[in-house]
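> Sequence and predicted structure below; questions after.
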Amino acid sequence: MSPYPEQDAPDAEQQEAITGHLEHITFSNDENGFLVGRLSVDEGGRFRGEAVIRGILPSVRKGERIKIWGNWEEHPSYGTQFHVRSFLVLEPATLEGIALYLEHNIHGVGPKLAERIVKIFGKDTFRVIDETPEKLLEVPKFPAKVLTGLRESWAETRVKREIIVFCHSVGISPLFAERIFSAYGVMAVETIKNNPYRLVMDIQGIGFRSADQIARNMGLAMESPARVEAGVMHALDEASQEGHTGLPRTMLLSSAAELLQVAPELVEKALETLLGDGLLSLLERLAEPDAPPLVQYGRMRKAEDSISEDLGRIAGGAAFTRFKEITETVSAMEGATGISLSAAQRQAVEDALSHKLLVITGGPGTGKTTIIRFILGMVAGTMPQVALAAPTGKAAKRLGEATGQQATTLHRLLEASPVGFRRNRDCQLEMELIIVDESSMIDTLLLAALLAATPTHARLILVGDVDQLPSVGPGRILGDLIESGSFAVSRLETIFRQSEQSRITANAHNIRKGRMPDLSRPAGDELSDFYFIEEAEPERIVEKIRTMLMERIPRRFNLEPKNDVQVITPMHRGLTGARNLNQMLRQWLNPDGQEAIIGGRSFRVGDKVMQTRNDYEKEVFNGDMGEVVAYNSESGQLAIDFEGNRVWMDRKGMDNVTLGYAITVHKSQGSEYPAVILPLTTHHAIMLQRNLLYTAITRGRGLVVLIGTKRAVSLAVHNARPVVRHTGLLERLVAHFSADS
């Protein structure tokens, strides 16, 4: 049986198809399947002879006969090429093709031996190798030791081809077919046939909708239990992406039924199965008896349980160092430093010395950094093991500069690795005091990891601004901790004199309190740190961004456009969304950088980029900003400098990198920039919320330019309804600490 049945490509209608032998491979990348080579075309299309082809062709080898679908393109440097969109490996059509295939694809077979094999078995060669490989010993001078290696390499080749052909038939791309083979091996086809929705959990890049389409192509019924169960899990996945750690049961059933377009009772049955299998869990709302129970993934339930238990462990544990006469000690420190603390600041410092756990929250200019410096001065010489940390690299760098002490990211503090955090419950930190800044960014899973690694004797201080947007990841940690009433909380409200002159600070606090910011123009030619430019039309806003970025800000404030000015926007879509602005900004700021097409996306040397997922192996984390500094055309890799950490990224790595000239407000959390440009119009209506505008304004350290309409600003300021995040942490904290009291 030949493993090479020919089929039509599922998306072939708008593409040309050609067939031929792969005569030469100019370049190939085993990790992402990208290949450039020469094809000797013998069938199809309008072309005969050798053609340069390029595209994703994993596992295709020199000498193989392939049918490819795609389009002819004119490359500016390399001329006419055929861009491959999909392909199939075919059985060689000629004896010469069979010999060429054997030579280049079967271990131990050289050109002369291949020629002798084909001379004896002709077009039955593949059938003989497949069914009765021992007959090869009849070939003159056939080495017996080659037979075992030949059987193994042929078996692997056959299985791979069967998988690729099967995947092709159900609409799975060749690149994913290669990943599927790596994950499932010889059981790949059987695994997919049994449950195509396993692909969602096991294969990166295949989501529910892709798996659902594959299942449809296979003829799986809409009411299939496997489909409905996968749909319920997907609804929870989407909720996690929106910041929830679970969903109320009624909401989950409703959203899953709508997604799947099936009867609610089928969804109810699927949920019961998942609960019974332990994949999902229920949290009864003891504090709200009438509220439906919360349905959660097991890992979210475990994370919230461990957070509650570890907070209780740390709060109830004895500290190594105890402070006496705290009030007098703080007064002495004020005298020694010449710093006079406000009543709220003094209380925060005293709470830090008298409590094991403390939350400090306040807006810009309220003295959070002063408190941190003061606490560090109080414990100097008494607590040698002190850690300063923040969720992002930029926030950690800023914390270190503000305190004059070393600060690190939470991931580095916990010694993140590809297999998890090396600092954990079994190998805890040796710290006596841990201070974490920008704590509003910490999500549920990260806090669970931090607390597990925190020793019982340590003191923990979480500093943040609860009025900012919650974390990008699931949870509302700072809000839940404060609302639980289980810990000491220091709230800072007073804006200090050195910050009173800042219009950024004043406007941020106006927004926080639900008042309109001062949008008036500064008097005369006086420089200000806050400007509002009235403009309603998105096209004109884009042009004004260009003028501000390229002309007025560099000239008046002596700032460098690419590195000192960050464009922040509420949304991804639209003319003033991050996607379009990134393309426009790159044309203005980096028009001539060497270009590389990676995974169908364009990057240039000199591009400003942002990491979108944690990469523990390269020590690059979600939200880190960098610059593309080199491109290796032979390996297809880009070098990116993430603030001194230079890493090489292949296609897989670049899947988690995006342009960073313009970023969303959510992605700007924890960072400060010398200057910020913020477009804000009613086109962003769905995102116009008070905490979003407040977060955006407070990202600018020295300059904020707001371009938009007063109506949009007013809508945001007066929309104080926070986006609800469904979590179980508050329930768990209240239950745990009330039981202990």
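Nice, I can see it. Residues are numbered from 1 along each chain as shown.

> Pull the contacting residues for the spatially most central residue of the chain.
Nearest to the mean C-alpha position of the chain, by CA atoms, centre = their mean, lies residue 613 at 2.9 Å. With contact taken as CB atoms under 8 Å, 6 or more residues apart in numbering, residue 613 is in contact with 622, 656. In this view, the C-beta of every residue, glycine as well, is placed from N, C-alpha and C.

> Let the chain start at 34 from now.
Yep, numbering from 34; the last one is residue 646 now.

> ok so it is a helix residue?
No - counting by DSSP: H, G, I helix; E, B strand; the rest coil, residue 646 is not found in a helix; it is coil.

> Show the backbone phi and psi for it.
phi -140, psi 150 (degrees, to the nearest 10).

> One more: the one 3 residues further on?
Geometry field for residue 649 lists phi and psi as phi -70, psi -30, criterion degrees, to the nearest 10.

> I'd like to know how far it sits from residue 444.
According to CB to CB, to the nearest Å, residue 649 and residue 444 sit 7 Å apart.

> before we move on, what about residue 182?
45 Å.

> for residue 404, same thing?
From residue 404 to residue 444 the distance is 25 Å (CB to CB).

> Which is the succeeding secondary structure element to the lowest-mean-pLDDT helix or strand in the chain?
Taking mean pLDDT, DSSP states H and E as the measure, the chain has helix 530-533 as its least confident helix or strand, at a mean of 54. Remark: after helix 530-533, the chain's next helix or strand is helix 536-545, criterion DSSP states H and E.

> what residues does that following helix touch?
396-398, 500, 528, 532-533, 549-551, 561-563, 723, 726-727, 730-731, 733, 736-737, 749-750.

> Of residue 404 and residue 444, give the one with the bigger neighbour count.
residue 404 (28 against 23; other CB atoms under 10 Å).

> Is that one within a helix or a strand, and which one?
Going by DSSP H and E, residue 404 is part of helix 401-412.

> gap between that helix and the chain center?
In this view, helix 401-412 has its centroid 34 Å away from the chain centroid, taken as CA atoms, centre = their mean, to the nearest Å.

> Send me the helix or strand residue 244 falls within as PDB with only the CA atoms.
According to DSSP H and E, residue 244 maps onto helix 241-250. Extracted C-alpha coordinates of helix 241-250, given in PDB (Å, rounded to 0.1, in the frame of the first residue of the first chain):
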ATOM      1  CA  PHE A 241     -11.600  25.100  19.900                       C
ATOM      2  CA  ARG A 242     -12.900  26.700  16.700                       C
ATOM      3  CA  SER A 243     -10.100  25.100  14.600                       C
ATOM      4  CA  ALA A 244     -10.700  21.700  16.300                       C
ATOM      5  CA  ASP A 245     -14.400  22.100  15.800                       C
ATOM      6  CA  GLN A 246     -14.000  22.700  12.100                       C
ATOM      7  CA  ILE A 247     -11.700  19.600  11.900                       C
ATOM      8  CA  ALA A 248     -14.400  17.600  13.700                       C
ATOM      9  CA  ARG A 249     -17.000  18.800  11.200                       C
ATOM     10  CA  ASN A 250     -14.800  17.800   8.300                       C
END
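
> and the residue nearest to residue 766 when sequence neighbours are not counted, how far is that from residue 509?
Among residues not flanking residue 766 along the chain, residue 517 sits closest, at 4.0 Å (CB to CB, 6 or more residues apart in numbering). Per CB to CB, residue 517 is found 11 Å from residue 509.

> pLDDT (mean, whole number) over stretch 248-264?
The average pLDDT within stretch 248-264 is 89.

> start to end distance for it?
Across stretch 248-264, the terminal residues are separated by 12 Å (CA to CA, to the nearest Å).

> do the same with stretch 435-452
33 Å.

> List the buried residues for it?
Neighbour counts over stretch 435-452 (16 or more other CB atoms under 10 Å) mark 435, 436, 438, 440, 441, 442, 443, 444, 446, 447, 449 as buried.

> List the contacts of that stretch.
The contact list for stretch 435-452, computed with CB under 8 Å, 6+ apart, reads 402, 405-406, 409, 419-426, 429-430, 432-433, 454-457, 462, 469-470, 475, 479, 482-483, 486, 647, 649-650, 652, 654.

> now swap in stretch 672-690 and tell me
With contacts defined as CB under 8 Å, 6+ apart, stretch 672-690 is touched by 62, 64-65, 67, 238, 426, 430, 631-632, 634, 636, 642-646, 648, 651-653, 657-665, 668-671.

> related to what we said a few turns ago, okay if I get the buried residues of stretch 435-452 as JSON lines plus distance to residue 172 and secondary structure?
Formatted as JSON lines, these follow (distance: CB to CB, whole Å; DSSP: H, G, I helix; E, B strand; the rest coil):
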{"residue": "435", "distance to residue 172": "77", "secondary structure": "helix"}
{"residue": "436", "distance to residue 172": "77", "secondary structure": "helix"}
{"residue": "438", "distance to residue 172": "75", "secondary structure": "coil"}
{"residue": "440", "distance to residue 172": "70", "secondary structure": "coil"}
{"residue": "441", "distance to residue 172": "65", "secondary structure": "strand"}
{"residue": "442", "distance to residue 172": "62", "secondary structure": "strand"}
{"residue": "443", "distance to residue 172": "64", "secondary structure": "helix"}
{"residue": "444", "distance to residue 172": "59", "secondary structure": "helix"}
{"residue": "446", "distance to residue 172": "64", "secondary structure": "helix"}
{"residue": "447", "distance to residue 172": "61", "secondary structure": "coil"}
{"residue": "449", "distance to residue 172": "56", "secondary structure": "strand"}
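
> Return the closest of those with respect to residue 206.
Set against residue 206, the nearest of the buried residues of stretch 435-452 by CB to CB is residue 449 (31.1 Å).

> so the closest one bridges to which residues?
With DSSP bridges applied, residue 449 shows beta-bridge pairing to residue 454.

> ok, it to residue 443 distance?
For residue 449 relative to residue 443 (CB to CB), the value is 9 Å.

> so what's residue 324 closest to, chain neighbours aside?
residue 318 (4.1 Å).

> does that neighbour count as helix, strand or coil?
coil.

> same check, this time on residue 150
Following three-state DSSP, we place residue 150 in the helix state.

> Per-residue pLDDT of it, please?
Confidence score, pLDDT, at residue 150: 89.

> and it, how many residues sit next to it?
For residue 150, using other CB under 10 Å, the count is 26.

> how about it, what does it touch?
By CB under 8 Å, 6+ apart, residue 150 lies in contact with 132, 135, 142, 158, 169, 172, 175.

> isn't residue 144 right next to residue 129, touching?
No - contact criterion CB atoms under 8 Å: residue 144 and residue 129 do not qualify, at 11.1 Å.

> ok, residue 317 to residue 289 distance?
Residue 317 is 20 Å from residue 289, where distance means CB to CB.

> where do the helices sit along the stretch 634-774 of the chain?
684-687, 698-701, 723-730, 743-750, 762-773 (DSSP state H, counting those that start in this stretch).

> Quick check: which of those has the most neighbours on average?
helix 723-730 (a mean of 24; mean count of other CB atoms under 10 Å).

> With neighbour numbers in mind, choose between residue 517 and residue 509.
Counted by other CB under 10 Å, residue 517 and residue 509 do not tie: residue 509 has more neighbours, with 27 against 21.

> Provide a list of residues in contact with that one.
So, once contact is read as CB under 8 Å, 6+ apart, residue 509 ends up touching 276, 503, 758, 760, 762.

> Any idea how many residues pack against the third one?
The number of residues packed near residue 758 is 18, by other CB under 10 Å.

> List phi and psi for it.
The phi and psi values for residue 758, taken as degrees, to the nearest 10, are phi -110, psi 120.

> surely it meets residue 505?
No - taking contacts as CB under 8 Å, residue 758 lies outside contact range of residue 505: 11.8 Å.

> Name the residues contacting each of these two.
Going by CB under 8 Å, 6+ apart, residues that sit against residue 758 and also against residue 505 are residue 276.

> What's the end-to-end length of stretch 443-461?
By CA to CA, one end of stretch 443-461 lies 14 Å from the other end.

> Good, we can wrap up now.
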